[in-house]
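Student: Quick one: sequence and predicted model below, then my questions.
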Amino acid sequence: MGVVWRAFDTRLHREVALKVLPADQNDRARRARMLQEARSASALNHPNIVTIYGVDTDGGTDFIAMELVRGQTLHDLLHSGPVPPRLAIRYAMQICDALAAAHSAGVIHRDLKPANIMITSTGHVKVVDFGIAKLNQAPDTTGGVGETLTVPLTSEDVVLGTLAYMSPEQALGDHVDRRSDIFSFGVVLYQMLQGKMPFRGETRSQILRSLLSDQPPAVVTPIRTNGRSLDSVIRKCLAKQPEDRYDTAADVLEDLRALDRKMGNVPGGDGGFMRKAVVGAAALVALSALLLFAYRDRVSARWLPALQTPATSQDWYVKGRALLERWDREGAADGAVDAMNHAIQLDSNHAISYAGLAEAYTLKDVANADPQWRKLATDAGRKAVSLNDDIAQSHLSLGTALARDDQHEEAMRQFERASQLDPGNGLARLSIANEQSAKKDYAGALESYQRARALSPASWAVPYAMGRFYYGQARYADAVAQWRAAKKLTPDNVAVLSNLAAGLHMSGQDSEAAAEFQRALEIRPSAATYNNLGTQRYYMGEYDSAVTSFEKAVAMNANRYMYWGNLGDAYRWSTGSKAKAGGTYLRAIQLVDEKVAAQPADSDLRSTLAIYRAKNGAHAEALNDIAAAMMAKPSARAWFNAMIVFEICGKREQALSALGSAVRAGFPLHEIRNEPELVSLRTDMRYHSTVSPAANPEPGSGPVAADRHSQPRPR
């Protein structure tokens, strides 16, 4: 349904794809289905799902603006035969990751097939076309199979989708849930490995009969782990009864990852076996027919014909670099990825463009954390360095990607190499400062921040990062001063405004903080801004308003444990949503537990995990986590979290002891005084003697870890 055009977004300066509904198909049902596609896909923010930018109408023509993906469909790729098992698993894991994200957001695709799976030239997967997707009333956070409501676009007896990839229940017109997508995924995986369909026939009736009754021939591969093989994974996906299939796409992904590790394959890497997609510089993904550009008279003036394009790799790099310099702007990361890929297509050895691509992928991970982004960023950074080891920017970009992936020692080596190659590079010195701060070398970090400021006085990124540093030291006045300096350099910078508002809140200047939050939201609503606004409302006791803000943050970025944990806290103290807290904390626990597994000695992460578990009733596990956190050089935030855990678990003496440690470390008193979990503790006389001004050192006397405020840091 619809024709896809390539166009240029004149507001955000990026190429996009426009899916236009032809005038002769512009009836009410098709228009409604196009709107449903936009709604379904726009509810998702995931690296393996095509991004929807907006839906609009011009002169009676409806269209969706979406991410422009360059590559070919899996359907086209399969024309050359089966996919090697290792590569098939690589694609399959990305598809599963996309399905898991969609299902967790309440979206059932219902038409998963190779024609709706795009493969870029670097092997990155994008799932597209949510035109017949079903929308749940709410995201399923309980792990159960939720009832699904269908937007009434068709009569009850109309079955939409592609028969050969349908689950039995979908083909019969019965109720479908996420397990229907898992069946379709099994068909796709089988076809990738065998080069043919598992259920075949010359007519629709024959295909339906095969779908309902036949078992496909076995898929024979030598790989097996924990009793599981590719064939057994596929057969479980293709079970005729939904209850006999995998319950979630995440469960399928777990088994695929085990098989992947068995083969020694690294997700995202070609490992020397990847079959390159043959894509020319002008090859574009289309969901139906493909034309080269959109004419002005067919769509609104914002979407101009993509005719005036840079001519050389360096031109494309300069365009991408301009977007990276203002990474705070909407669409900057996507536009930079597109520009750098253009440059690389023109010159596959253009090292600096690989460096820019690494930065762009890191920005996408900052916006929506996902291992795939970090893998792509690291790969691009290593490629840049391998092509030219003498370019400082290549080392800087690789170091940034490695730091984001918690590979801090190698990241520091890359930053130091960049600084050696270009001693006047303020951003290299800034990156060194960030790493020193992460290692709790606060004196060294401050010196490096000051050197970076002297080297790059016109860069807003330096005072932005210095503000974060001072904020972490509880030097809120200094943090506010730095963010005001960054605001002066970039008055429309949402990241700066949101952090400035957080600093003002922590300084007790709530009226001015509210004004800065409003300014940020007027420019561009973001998950970080909504999270920070929710935090302010939470500590002001406005729990129901905080719920609204945190729900918006989670809706915009569902991969941040902080957002889920904060939402759980607001639910816990709200007037009408307390029952939602449990499932929300479980999601926060899952996300932070993954971080703890990667950084077991981080006291802040450990204590955060403990506090979520304590609030969710898992007291024994919470106390174990706090004990581990206290053995890992706890910060003021860790002590504060420990106090809450001990109080919730009925350990008053230990709670008072942790309170004293938090206060001595410089934890802000107004957060302690406004924390609702401490209502009972505040009736204890010993609490008041501990938080008295005489017992509280000057701010900045000890390190304070990042709190419930969110502060994006791409560098």
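Tutor: Sure thing, it's come through. Numbering: from 1, shown residues only.

Student: going forward, measure contacts and count neighbours with C-alpha atoms only.
Tutor: Fine.

Student: the helices in the stretch 401-550 of the chain, which residues?
Tutor: Counting by DSSP state H, counting those that start in this stretch, one finds helices in the stretch 401-550 of the chain at the ranges 408-421, 426-438, 442-455, 461-472, 476-489, 494-506, 510-523, 527-539, 543-556.

Student: starting at the chain centroid, how far to the second one?
Tutor: Put plainly, it is helix 426-438. 24 Å (CA atoms, centre = their mean, to the nearest Å).

Student: Same question for the fifth one.
Tutor: Relative to the chain's own centre, helix 476-489 is displaced by 28 Å; criterion: CA atoms, centre = their mean.

Student: try the first one
Tutor: Taking CA atoms, centre = their mean, the mean C-alpha location of helix 408-421 is offset from the chain mean by 26 Å.

Student: residues in contact with it?
Tutor: The contact list for helix 408-421 (CA atoms under 8 Å, 6 or more residues apart in numbering) reads 390-396, 398-403, 425, 428-429, 431-432, 435.

Student: and what of the fifth one?
Tutor: Applying CA under 8 Å, 6+ apart, the contact partners of helix 476-489 are 458-464, 466-471, 493, 496-497, 499-500, 503-504, 506-507.

Student: again with the third one
Tutor: Surrounding helix 442-455, the residues in contact under the criterion CA under 8 Å, 6+ apart are 424-430, 432-437, 462-463, 466.

Student: do the same with the last one
Tutor: If you take CA under 8 Å, 6+ apart as the criterion, helix 543-556 is touched by 43, 45, 526-531, 533-538, 560, 563-564, 566-567, 570-571, 573-575.

Student: Touching the helix or strand just after that helix from outside, list them.
Tutor: Downstream of helix 543-556, the next assigned helix or strand under DSSP states H and E is helix 561-573. The contact list for helix 561-573 (CA under 8 Å, 6+ apart) reads 531, 535, 538, 543-544, 546-547, 550-551, 553-554, 558, 577-582, 584-585, 587-589, 591-592, 612, 676, 708, 710.

Student: Now list the buried members of those residues.
Tutor: Taking 16 or more other CA atoms under 10 Å as the criterion, what is buried in the contacts of helix 561-573 is 531, 535, 538, 543-544, 546-547, 550-551, 553-554, 558, 580-582, 584-585, 587-589, 591-592, 612, 676, 708, 710.

Student: how about the strands in the stretch 101-250 of the chain?
Tutor: 107-108, 117-120, 125-127, 134-135, 224-225, 228-229 (DSSP state E, counting those that start in this stretch).

Student: Could you measure from I672 over to A546?
Tutor: Shown here: I672 relative to A546, a distance of 18 Å by CA to CA, to the nearest Å.

Student: returning to what we had before: just the buried ones out of the contacts of helix 442-455, please.
Tutor: 425-430, 432-437, 462-463, 466.

Student: Give me the contacts around stretch 180-187.
Tutor: 96, 99, 108-113, 165-167, 169-170, 197-198, 234-235, 237-239, 242, 245-246, 248-249.

Student: Next: stretch 375-390.
Tutor: Residues outside stretch 375-390 that contact it (CA under 8 Å, 6+ apart) are 267-269, 349-355, 357-362, 391, 394-395, 397-399, 401-402, 421.
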